[in-house]
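Asker: can't give you the sequence, but here's the structure:
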Ligand SMILES: Nc1ncnc2c1ncn2[C@@H]1O[C@H](COP(=O)(O)OP(=O)(O)OP(=O)(O)O)[C@@H](O)[C@H]1O
Ligand SMILES: [Mg+2]
């Protein structure tokens, strides 16, 4: 029997008991559908993260945290650690977390290749006053270090050393009395406006700072761009006001610092090693996003694991269906062998039937998964999640889909080997006598 | 006469074991020569079908040897046995064994499909074979929609489709009326005469048996007698050809044999 006939015969055979085949295929469809959906989801979100990285890939920045090895802190859970006065170098402790001191910042600055270091400080301002004199509560301010990741609707990012700020597009209505809906306001109309920011010091005495609006941000899925973002200089001044007022000079402590690096691509490894030597940890944005992607990948794998279990169950369906089929067709198998079909070809015919079932199931399932994924993506990103700029929840990953189909076909083939070898072993005269 | 195409030596077939043990064949030794026509006759249950299955390599003997062209078949690889069944042997089963869900044409061309012959050539040769057995008009019918005699003719067409050099036929005329029997006999003996096909026929039909060059008479798993030449009972009759089947001889040429691939 040639390959074409073998395939056509196998296909025709699967159509003989349509309901049974349909149910077996359905089980595979469920597995294939789930796999196509979960991997597409993983691919989509990873693509979104990649897009974010690509968006400010030029930013040569490295995030510095205390603690060269993160495990040291976690080892505490396994029992009390002996106190070592020299441990952690000059790092400070705050709320049980290691902090960077002013000395650390200077150490970082002195490392070759690092041009500038900005400690990350959290500022809690009171209000933002528009040119009209209206005041709006400032629950949070964006971190200047995140500026690179910010998506802009208009204007540009605040200049490091100027007293500049960006506002999110959802704030636009505050600058235009004629409308309540921010969508109606041209983002360019607020550029150049001056706002006042009110902030209290440690004693609760309020003072204000002026800043110029240079950009309008869109909120990204990470939250960046969802709040007004001051420039580094403005942020630092706000911080200075916030921490002033007490007689005693406080030791500065920072959770993180952002270091500007010359030619990050080339110097990354060296700088990280230098930081490690100082008891500090350096992470590039890609490293940080890599952590996010790692989490996404893990979730994807867990979901795919469930899909694989579904497929495993479906493969028993194939075994079952084909065993029944072999039993029913004992005579036919005997006849084919009596007429000179080799055991190998009989095996081939039945495993081909399993493969046909696998092909049908994987194509229907993966196809449905892609359609549901794309439609769901369009619906969610166009509807409930439309305010998240550039969000991709589902991406078609052709290689992944091919891999899924191949995997399912291999599983189907393996499931078919048991019934197929049963069929191949049938003795022609024994089988022909079967009534 | 030429060398033996098939020989057996002390062929024994035992079914079951213990108290259910049944000796179906009890040590048969004989030869069948190239181009010979042999009839196996005997009472029901005497072991004729069992013997045919062993000769056609469809079953293995309990002991003893079947040799094909001087080679014991136990020395053959399974693939070779499959090829012999497909290309060298044709078999007409006593119980037909047609695939009920397939058409007559598909049933007839199954050996060619197994051999890997292309569909167009298969159908061409299948139609030729069906035409010779006057079954061409039923080609697209389901095999189940046929009468017993029609099924038998389909089986014969299937056995002949791959131009075998040895044809085994288990009761080829068992279900046929005398006129159709005549046709079938004409075809079988025509092939035998014109293409030197070796014929091994099991039959209860004395007329058919008489037309064979040799008759092996079986009883209780043994060959009890052997007759050669024209049978005494019907010696006078068969030599006079009847008017009807005469012209059909022209149709007994090979079924457009072209060499196809094999399975
Ligand atoms: N699978 C089997 N198990 C046990 N006994 C069997 C089996 N097959 C055949 N027999 C027995 O072997 C004997 C010979 O059977 P076989 O089919 O060869 O007879 P036969 O000569 O072809 O008869 P008929 O003319 O009725 O077709 C019978 O007695 C039968 O009962
Ligand atoms: Mg019989």
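Answerer: Yep, that arrived. None of these values were measured; they are calculated from a predicted model. Numbers count the residues shown, from 1 in each chain, chains lettered A, B, ... in the order given. Ligands and ions are numbered 1, 2, ... in the order given.
Asker: So residue B:26: helix, strand or coil?
Answerer: Secondary structure, DSSP: H, G, I helix; E, B strand; the rest coil: residue B:26 is strand.
Asker: Closest approach to chain A from chain B, which residue is it?
Answerer: Distances between chain B and chain A by Cβ to the nearest Cβ are smallest at residue B:86, namely 2.3 Å. Where you see a C-beta, it was placed from the backbone N, CA and C, and this is true even at glycine.
Asker: wait, doesn't that residue sit right on residue B:116?
Answerer: No - here residue B:86 lies out of contact with residue B:116, judged by Cβ atoms under 8 Å, at a distance of 9.7 Å.
Asker: Smallest gap between the stretch 151-300 of chain A and chain B, at which residue?
Answerer: At 45.1 Å from chain B, residue A:300 is the closest residue in the stretch 151-300 of chain A, using Cβ to the nearest Cβ.
Asker: For the stretch 51-200 of chain B, what lies in contact range of ligand 2?
Answerer: residue B:94 (Cβ under 5 Å from the ion).
Asker: repeat that for 8 Å
Answerer: Within reach of ligand 2 by Cβ under 8 Å from the ion, the stretch 51-200 of chain B has these residues: B:52, B:94, B:170, B:171.
Asker: pretty sure the last one contacts residue B:184?
Answerer: No - taking Cβ under 8 Å as the definition, residue B:171 is not a contact partner of residue B:184, at 10.9 Å.
Asker: would residue A:395 count as being in a helix?
Answerer: No - counting by three-state DSSP, residue A:395 falls outside a helix, being coil.
Asker: hey, which helix or strand in the chain has the poorest pLDDT?
Answerer: Because you didn't say which chain, this covers chain A. Ranked by mean pLDDT, DSSP states H and E, the weakest helix or strand in chain A is helix A:71-74, scoring a mean of 43.
Asker: Actually, chain B is the one I wanted.
Answerer: helix B:178-195 (a mean of 86).
Asker: Partner strands of the helix or strand that that helix is followed by and their direction?
Answerer: For helix B:178-195, the succeeding helix or strand toward the C-terminus, using DSSP states H and E, is strand B:198-202. Its sheet considered, strand B:198-202 pairs with strand B:37-42 (parallel), strand B:166-170 (parallel) by DSSP bridges.
Asker: what angle do the last one and helix B:178-195 make?
Answerer: Between the direction of strand B:166-170 and that of helix B:178-195, the angle (axes from the mean of the first three to the mean of the last three Cα atoms, to 10 degrees) works out to 160 degrees.
Asker: Counting neighbours, what do you get for residue A:63?
Answerer: Neighbourhood size, residue A:63 [other Cβ atoms under 10 Å in any protein chain shown]: 17.
Asker: and it, that one's in a strand?
Answerer: Yes - under three-state DSSP, residue A:63 sits within a strand.
Asker: Which residues are in contact with it?
Answerer: A:145, A:256, A:257, A:258, A:259, A:282, A:283, A:284, A:285, A:288 (Cβ atoms under 8 Å, 6 or more residues apart in numbering or on different chains).
Asker: what's the distance between it and residue B:150?
Answerer: Per Cβ to Cβ, to the nearest Å, residue A:63 is found 87 Å from residue B:150.
Asker: Same check on residue A:361?
Answerer: According to Cβ to Cβ, residue A:361 and residue B:150 sit 41 Å apart.
Asker: hey, where'd the strands end up in the chain?
Answerer: Using chain A. A:61-66, A:92-94, A:97-101, A:114-120, A:127-129, A:135-137, A:151-155, A:164-168, A:194-200, A:206-218, A:229-230, A:253-254, A:256-261, A:280-284 (DSSP state E).
Asker: Not quite, go with chain B.
Answerer: B:4-15, B:22-33, B:37-42, B:63-68, B:71-72, B:89-92, B:166-170, B:198-202, B:214-219, B:222-228.
Asker: residues contacting the closest residue to the residue of the stretch 151-300 of chain A closest to chain B other than its chain neighbours?
Answerer: Among residues not flanking residue A:300 along the chain, residue A:42 sits closest, at 3.2 Å (Cβ to Cβ, 6 or more residues apart in numbering or on different chains). By Cβ under 8 Å, 6+ apart, the residues touching residue A:42 are A:296, A:297, A:299, A:300.
Asker: So which of those residues are in helices?
Answerer: Residues of the contacts of residue A:42 located in helices (DSSP state H): A:296, A:297, A:299, A:300.
Asker: which among the residues you listed end up buried?
Answerer: For the ones in helices among the contacts of residue A:42, a neighbour count by 16 or more other Cβ atoms under 10 Å in any protein chain shown gives the buried set as A:296, A:300.
Asker: before we move on, the earlier item: and residue A:361 and residue B:150? which has more neighbours close in?
Answerer: residue A:361 (30 against 20).
Asker: which bits of the stretch 301-435 of chain A sit near chain B?
Answerer: For the stretch 301-435 of chain A, the residues in contact with chain B (Cβ under 8 Å from any Cβ of the partner chain) are A:331-332, A:334-345, A:427-429, A:432.
Asker: how does it look with 7 Å?
Answerer: Within reach of chain B by Cβ under 7 Å from any Cβ of the partner chain, the stretch 301-435 of chain A has these residues: A:331-332, A:335-336, A:338-343, A:345, A:428-429, A:432.
Asker: Out of those residues, the closest to residue A:196 would be?
Answerer: Of all these, residue A:196 sits closest to residue A:345, with 86.2 Å by Cβ to Cβ.
Asker: Residue A:1 is in contact with that closest one, correct?
Answerer: Yes - counting by Cβ atoms under 7 Å, residue A:345 does reach residue A:1; the two are 5.3 Å apart.
Asker: Please compare the two by neighbour count and tell me which comes out ahead.
Answerer: Neighbour count, other Cβ under 10 Å: between residue A:345 and residue A:1, residue A:1 has more, with 26 against 23.
Asker: Was I right to think the more buried one contacts residue B:112?
Answerer: No - if you go by Cβ under 7 Å, residue A:1 and residue B:112 don't touch, sitting 9.9 Å apart.
Asker: For residue 63, give the beta-bridge partners.
Answerer: No chain specified, so I'll use chain A. residue A:258, residue A:283.
Asker: Switch to chain B, please.
Answerer: Beta-bridge partners of residue B:63, as defined by DSSP bridges: residue B:12.
Asker: Contact partners for the residue nearest the centre of chain B?
Answerer: In chain B, the centroid-proximal residue (Cα atoms, centre = their mean) is residue B:168; its distance is 2.1 Å. Residues in contact with residue B:168 (Cβ atoms under 7 Å, 6 or more residues apart in numbering or on different chains) are B:52, B:55, B:56, B:89, B:90, B:91, B:92, B:200.
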